[in-house]
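*Asks:* Build me a model:
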Amino acid sequence: MTLPAYLLDLPAEEAARLIALALLDAAADAARRLADPTDPAALHDFRVATRRLRSCLQAYRPELYGSVPRRLRRRLARLAEDTQRSRDTEVHLAWEREQEPSLTERQRVGLYWHLQRLAARRRRADGRLAELVGRRFTRLERRFRRGLETYRLRIERDPSHRRHEAAAVLGSRIRKLGGDLECRLAEVRTMADVGPAHRARIAAKRLRYLLEPIRGEVDGIEPLITRLCALQEGLGELHDSQTHRAALGHDLVAAGREHARRLDATIQADGRLERLELGASDDPRPGLLALAERLEEREAEAFARLRADWLAGAADDFFEAVSSAGKRIANRPACVAEIERRFLLRRVPATAQAFAVQEIEQGWLPGTRRVERVRPLRQADQPITYRTSKSATGTAPTAPEGQVDQALFDEIWPLTAGRRVRKRRYVIADYGLRWEIDQFLDRDLVLAEVVASGDNARVPLPEWLEPYVVREVTGERAFTDRALAR
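*Replies:* All right, here's what the predicted structure looks like:
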């Protein structure tokens with residue numbers, strides 16, 4: 001499912017369900033891929049999707065009230081916990097394999113012994129997860145989807161109880177989760193603060209997952225996500241080192257017992273000292289101790305980076321930016337007065353052929369914060385050019401079209417190379433609405449567009465158009481002119 005570009009303007013209840021459904025789609029797609037042994041990324045994608053879905057359900061719990069019962073949340077939580085065991089083992093395996101070249105021959109004995117144990121654990125964890133997904137997730141997905149696709153709305157006469165748009169709810173939630181993260185990080189003072197560091201890592205994930213659906217809609221969000229990714233990576237490295245070192249401690253005990261049994265068996269079988277010394281060379285513990293020392297060094301380095309970048313006031317600018325972004329989103333202008341509804345057509349409707357046609361070529365100037373479109377046209381056999389400016393995020397109103405003189409056009413038009421579209425437009429007036437049918441000349445694509453507002457926002461399709469409609473693509477960025485430009 002593709003999230004609409006006007007997500008922030010929707011009622012918060014609808015926006016929350018759209019986000020949750022998109023994450024559910026991602027989890028379902030990854031779950032289907034788990035059956036393919038040639039797709040090693042499927043398990044990772046499923047883990048990420050389930051974690052994000054859980055975070056979404058928690059972040060929007062008030063807005064999702066009545067759609068996701070507690071028992072479904074608990075089942076998803078258990079499934080996510082099983083994915084965590086598999087993920088931890090995978091991370092530990094990858095790190096230990098990287099250590100092999102720098103270990104001594106004697107230390108590699110312990111490395112190989114431990115790699116075998118980790119590989120066996122991973123096979124068991126992955127097998128259990130695949131079995132659980134196959135047995136439970138399909139039914140779980142069905143129940144989630146049934147609950148999320150509809151909700152009951154109670155009409156509130158009291159204005160103080162009216163529901164809010166997604167922007168107001170999301171802005172407030174961003175500020176809250178930003179404050180939560182700041183408090184969690186303040187509790188991390190030393191490398192021994194394992195619990196607070198883990199809670200800070202979870203808080204960073206929740207804030208990041210809250211921001212990601214609007215990363216292309218609001219200025220200043222992408223840098224916040226980038227910094228959160230860096231924080232999550234640093235805290236993850238700290239957490240992985242701590243859990244890995246703890247697991248190695250348990251395995252050291254098992255290694256000692258196993259080595260003692262081997263030596264005892266050697267003595268019982270032969271009794272010669274040379275055999276005993278040969279058995280001692282197979283002791284895995286020196287290798288495990290070397291790995292534990294390296295993990296401790298890794299942990300210290302990760303904490304040093306965390307302290308330099310995030311602790312003791314080092315990230316005050318980040319939290320100010322989060323608070324500012326939350327305020328800006330919450331106080332953005334109310335729901336847009338007009339919505340450009342777009343429909344994908346099979347071909348140009350026969351009715352459109354009888355109406356006026358216009359050849360249009362548009363080009364977009366390079367830019368990330370502001371988007372400028374240039375349209376060369378002819379009017380009364382005279383060439384004229386219009387230039388339109390708008391925010392790249394769509395949060396600011398579009399500036400009205402203005403004419404550009406020929407000299408300036410000759411300078412800026414070459415800058416649009418690779419960002420142009422050519423189309424033939426049919427304009428049809430129908431019961432007060434202006435339908436524009438665009439037939440693209442550089443590809444097999446026909447789109448219909450109408451500007452709907454007020455009572456016309458849900459206008460039915462005209463009889464002359466309906467047979468040609470494949471589906472509505474309103475809000476899908478892939479079908480905007482700028483995305484289609486090439």
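
*Asks:* What are the buried residues along stretch 208-226?
*Replies:* Buried residues in stretch 208-226, counted by 16 or more other CB atoms under 10 Å: 208-211, 213-214, 217-218, 221, 224-225. Where C-beta positions appear, they are placed from N, C-alpha and C, glycine not excepted.

*Asks:* Just give me the closest of the residues you listed to Gln362.
*Replies:* Taking CB to CB as the measure, Gln362 lies nearest Glu217 of the buried residues of stretch 208-226, at 22.3 Å.

*Asks:* Please convert the buried residues of stretch 208-226 to JSON lines, extending it with pLDDT, distance to Phe319 and secondary structure.
*Replies:* Converted to JSON lines, the buried residues of stretch 208-226 look like this (pLDDT from 0 to 100; distance: CB to CB, whole Å; DSSP: H, G, I helix; E, B strand; the rest coil):
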{"residue": "Arg208", "pLDDT": "94", "distance to Phe319": "14", "secondary structure": "helix"}
{"residue": "Tyr209", "pLDDT": "93", "distance to Phe319": "18", "secondary structure": "helix"}
{"residue": "Leu210", "pLDDT": "93", "distance to Phe319": "15", "secondary structure": "helix"}
{"residue": "Leu211", "pLDDT": "94", "distance to Phe319": "14", "secondary structure": "helix"}
{"residue": "Pro213", "pLDDT": "90", "distance to Phe319": "21", "secondary structure": "helix"}
{"residue": "Ile214", "pLDDT": "89", "distance to Phe319": "19", "secondary structure": "helix"}
{"residue": "Glu217", "pLDDT": "81", "distance to Phe319": "22", "secondary structure": "coil"}
{"residue": "Val218", "pLDDT": "86", "distance to Phe319": "17", "secondary structure": "coil"}
{"residue": "Ile221", "pLDDT": "93", "distance to Phe319": "15", "secondary structure": "helix"}
{"residue": "Leu224", "pLDDT": "95", "distance to Phe319": "10", "secondary structure": "helix"}
{"residue": "Ile225", "pLDDT": "95", "distance to Phe319": "15", "secondary structure": "helix"}
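
*Asks:* And stretch 189-203, what's buried?
*Replies:* Buried, per 16+ other CB under 10 Å, within stretch 189-203: 191, 194, 196-203.

*Asks:* what about the strands in the stretch 351-486 of the chain?
*Replies:* 357-365, 370-379, 382-391, 402-404, 420-430, 433-440, 446-453, 469-472 (DSSP state E, counting those that start in this stretch).

*Asks:* Mind pulling up the pLDDT for the residue nearest the centre of the chain?
*Replies:* In the chain, the residue lying closest to the centroid (CA atoms, centre = their mean) is Glu212, at 5.3 Å. For Glu212, the pLDDT comes out at 93.

*Asks:* that older thread, so which of the buried residues of stretch 189-203 comes closest to Val169?
*Replies:* Ala203 (18.8 Å).

*Asks:* so who does the closest one touch?
*Replies:* 177, 180-181, 184 (CB atoms under 8 Å, 6 or more residues apart in numbering).

*Asks:* between these, which has the most around it?
*Replies:* Leu181 (27 neighbours; other CB atoms under 10 Å).

*Asks:* how far away is that one from Arg201?
*Replies:* 10 Å (CB to CB, to the nearest Å).

*Asks:* for Ala230, same thing?
*Replies:* 12 Å.

*Asks:* okay, and the common contacts of these two?
*Replies:* By CB under 8 Å, 6+ apart, no residue touches both Ala230 and Arg201.

*Asks:* Show residues contacting stretch 31-41.
*Replies:* So stretch 31-41 is contacted by 42-43, 45-46, 130, 133-134, 137-138, 141 (CB under 8 Å, 6+ apart).

*Asks:* Just the buried subset of those residues, please.
*Replies:* Here, 16+ other CB under 10 Å leaves 42-43, 45-46, 130, 133, 137, 141 buried among those.

*Asks:* Max pairwise distance over the residues you listed: which two?
*Replies:* Leu43 and Glu141 (16.8 Å).

*Asks:* and Val446, what are its bridge partners?
*Replies:* Beta-bridge partners of Val446, counted by DSSP bridges, are Leu345, Gln439.

*Asks:* What's the per-residue pLDDT of it here?
*Replies:* As predicted, Val446 sits at a pLDDT of 94.

*Asks:* That one: how many residues sit nearby?
*Replies:* Val446, neighbours per other CB under 10 Å, totals 22.

*Asks:* Looks like it contacts Leu345 (just checking).
*Replies:* Yes. Between Val446 and Leu345 there is a contact under CB atoms under 8 Å: 4.2 Å.

*Asks:* between those two, what contacts are shared?
*Replies:* 437, 468.

*Asks:* Just to be sure, Arg341 is in a strand?
*Replies:* Yes. Assessed with DSSP: H, G, I helix; E, B strand; the rest coil, Arg341 lies in a strand.

*Asks:* Against Ala478, how distant is it?
*Replies:* 16 Å.

*Asks:* Which one of those two is surrounded by more residues?
*Replies:* Legend: neighbour count by other CB under 10 Å for Arg341 and Ala478, higher for Arg341 (20 against 8).

*Asks:* OK, contacts around Glu233?
*Replies:* Contacts of Glu233 (CB under 8 Å, 6+ apart): none.

*Asks:* What's the separation between it and Gly313?
*Replies:* Glu233 is 21 Å from Gly313, by CB to CB.
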